[in-house]
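Participant: give me the fold of what follows.
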Amino acid sequence: MIQAFGLGIEHRGKDATGLALVGKSGNVRVVKEPIAATEFFKRRQGIGMAARVGLIHTRAATQGSPKQAGNNHPIEYEGIVGIHNGIVYNDDEIFRDTKWFRQHQVDSEAIFASLYHKDLVKDALEVIDGSYAVAWLDRDNPFQLNLARGHSSPVYWGTTVNGSAFFASTEEVVLAAMKAAGIQFPDGKDAVEYITKLDEGQIVHINNGEITWGEEFTHDGSKSPHQMVRRKWTPGAYATGMYSSMDAGWDLDWDRTNYRSSSFKAVNGATAIPLGQGSEAPLTGMDAFDAEIAGIRNGDVLECSLGGETIYGEVTGLVHDTGEVCIDFGEHFIDLFKVNFKVMKGA
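Facilitator: Below you'll find the predicted structure:
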């Protein structure tokens with residue numbers, strides 16, 4: 001089952017793979033390596049056979065080198081062990097303003113630091129500005145699985161008749177892992193009936209089959225006192241090749257119909273070659289964003305120009321509901337704030 005989860009989400013990131021496993025005694029074991037899930041599970045056959053609770057993560061690195069173990073998930077901060085899907089925009093500002101100790105480079109650390117320092121989960125998450133789905137354990141209460149969904153990043157979760165719980169970024173992965181575990185449902189019941197999508201702003205705690213809902217929270221970063229100075233250009237920068245969510249949630253004062261050109265000029269003066277748009281007249285607004293996603297296919301090769309060096313990456317996955325494009329650049333670590341992409345084939 002653990003392997004089915006890991007391989008099922010491999011397309012979402014191949015820079016690192018990691019597990020946090022809770023044994024029968026409550027001991028929390030964290031294992032992670034800067035390799036893709038396929039290789040990880042070849043090396044570690046049968047890992048987690050006796051685990052009561054497990055977190056599984058595959059990473060597409062956006063901040064912090066995967067070569068440094070602390071940047072890879074699961075991330076631990078003072079006994080809080082968690083995984084994160086998405087991007088935190090105001091991590092620098094959080095650590096600067098609070099004076100909390102920062103151990104690593106990865107933006108996700110800000111979430112788990114906030115969960116440690118704040119008394120209420122709601123308060124901890126409302127300081128985060130970004131896209132995130134997050135799951136975590138506390139070494140002081142290791143059998144409780146905690147899930148929360150902020151802006152954009154999806155979480156599908158479900159429970160079995162006997163109280164086991166499962167979650168993943170896609171419904172298909174949850175179903176595949178439950179099937180791999182040999183889970184059977186009552187006659188006439190379909191497994192899909194037991195799976196639902198966590199809403200934005202929701203928190204759920206699961207402990208030995210008992211489900212407790214946390215207080216809903218403001219998930220768009222509007223209540224955060226830690227405002228990032230990069231906010232106006234970050235969404236546009238991600239639109240080139242990794243992440244974009246140009247929906248009504250963004251409180252930005254630049255012209256959405258011109259976000260391609262205006263936002264990129266703020267990124268070290270770079271100009272962008274938009275995905276899915278050749279020599280045709282520029283598209284505008286949501287039409288432009290939709291064309292970017294619709295024009296890309298798995299297997300497309302992208303050319304990336306970075307500091308005068310040209311490297312190539314293969315599209316390994318698309319997540320249309322969040323606008324994510326997963327790209328495999330092999331051994332290269334890419335700072336996605338500073339890149340130019342163009343589609344070489346297939347779009």
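Participant: for I9, what are its contacts?
Facilitator: By CB atoms under 8 Å, 6 or more residues apart in numbering, the residues touching I9 are A37, I56, H57, T58, A168, S169, T170, V173. Glycine gets a C-beta too; all of them are placed from N, C-alpha and C.
Participant: what do you get for L198?
Facilitator: Applying CB under 8 Å, 6+ apart, the residues near L198 are A133, L147, A148, R149, P154, V155, Y156, W157, F167, V204.
Participant: at 7 Å what do you get?
Facilitator: L147, R149, V155, W157, V204 (CB atoms under 7 Å, 6 or more residues apart in numbering).
Participant: which of these tops the neighbour count?
Facilitator: R149 (27 neighbours; other CB atoms under 10 Å).
Participant: what is the burial count for K32?
Facilitator: Neighbours of K32 (other CB under 10 Å): 21.
Participant: list the beta-bridge partners for it.
Facilitator: G18 (DSSP bridges).
Participant: can you tell me how far it is from L120?
Facilitator: K32 is 29 Å from L120, where distance means CB to CB, to the nearest Å.
Participant: now A16
Facilitator: 31 Å.
Participant: more neighbours: which of the two?
Facilitator: Counted by other CB under 10 Å, A16 and L120 do not tie: A16 has more neighbours, with 23 against 12.
Participant: quick one: that one and V31 touch, right?
Facilitator: No - in this structure, A16 is not within contact of V31 by CB atoms under 7 Å, at 11.3 Å.
Participant: where exactly do the helices run in the protein?
Facilitator: 2-8, 37-43, 91-98, 109-117, 121-126, 171-180, 234-238, 259-264, 285-294 (DSSP state H).
Participant: possible to save the contacts of I9 as TSV with pLDDT, neighbour count and distance to E76?
Facilitator: Shown next, in TSV, are the contacts of I9 (pLDDT from 0 to 100; neighbours: other CB atoms under 10 Å; distance: CB to CB, whole Å):
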residue	pLDDT	neighbour count	distance to E76
A37	95	26	20
I56	96	28	15
H57	96	26	13
T58	94	27	18
A168	94	26	21
S169	90	21	21
T170	89	19	26
V173	91	23	24
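Participant: contacting residues for the residue lying closest to H84 once chain neighbours are set aside?
Facilitator: Spatial nearest neighbour of H84, excluding adjacent residues (CB to CB, 6 or more residues apart in numbering): S108 at 4.0 Å. When contacts are counted by CB under 7 Å, 6+ apart, S108 touches H73, I75, H84, V88.
Participant: let's see it at 8 Å
Facilitator: Contacts of S108 by CB under 8 Å, 6+ apart are H73, I75, G82, H84, V88, D91.
Participant: give the PyMOL command for selecting the buried subset of those residues.
Facilitator: Buried members of these, identified by 16 or more other CB atoms under 10 Å, are gathered into one PyMOL selection as follows:
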select buried, resi 73+75+82+84+88+91
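Participant: out of the contacts of S108, which one sits closest to F41?
Facilitator: H73 (16.1 Å; CB to CB).
Participant: who's in contact with that closest one?
Facilitator: A16, G18, K32, H57, R59, G82, I83, H84, S108.
Participant: rerun at 7 Å
Facilitator: Counting by CB under 7 Å, 6+ apart, H73 touches G18, K32, H57, R59, I83, H84, S108.
Participant: ditto for V106
Facilitator: Contacts of V106 (CB under 7 Å, 6+ apart): Q63, G64, N71, I75.
Participant: mind putting these into JSON lines with pLDDT and distance to G6?
Facilitator: Formatted as JSON lines, those follow (pLDDT from 0 to 100; distance: CB to CB, whole Å):
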{"residue": "Q63", "pLDDT": "83", "distance to G6": "22"}
{"residue": "G64", "pLDDT": "85", "distance to G6": "21"}
{"residue": "N71", "pLDDT": "93", "distance to G6": "19"}
{"residue": "I75", "pLDDT": "97", "distance to G6": "17"}
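Participant: so which of these belong to strands?
Facilitator: I75 (DSSP state E).
Participant: make a markdown table from the contacts of V106 and add distance to F185 to it.
Facilitator: Shown next, in a markdown table, are the contacts of V106 (distance: CB to CB, whole Å):
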| residue | distance to F185 |
| --- | --- |
| Q63 | 41 |
| G64 | 41 |
| N71 | 39 |
| I75 | 34 |
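Participant: re earlier: out of the contacts of S108, who's nearest G214?
Facilitator: Checking these one by one against G214 (CB to CB), the nearest turns out to be G82, at 14.9 Å.
Participant: what stretches of this structure score poorly on pLDDT?
Facilitator: 228-326, 328-347 (pLDDT under 70).
Participant: could you identify which of the contacts of V106 has the most neighbours?
Facilitator: Going by other CB under 10 Å, I75 tops the contacts of V106 with 27 neighbours.
Participant: ok, now which ones touch that residue?
Facilitator: G82, V106, S108, E109, F112.
Participant: hmm, try it at 10 Å
Facilitator: 18, 20, 30, 32, 57, 64, 81-84, 103-104, 106, 108-109, 111-113, 136 (CB atoms under 10 Å, 6 or more residues apart in numbering).
Participant: with V22 instead?
Facilitator: So V22 contacts 28-29, 48, 50-55, 81, 137, 139, 142-145 (CB under 10 Å, 6+ apart).
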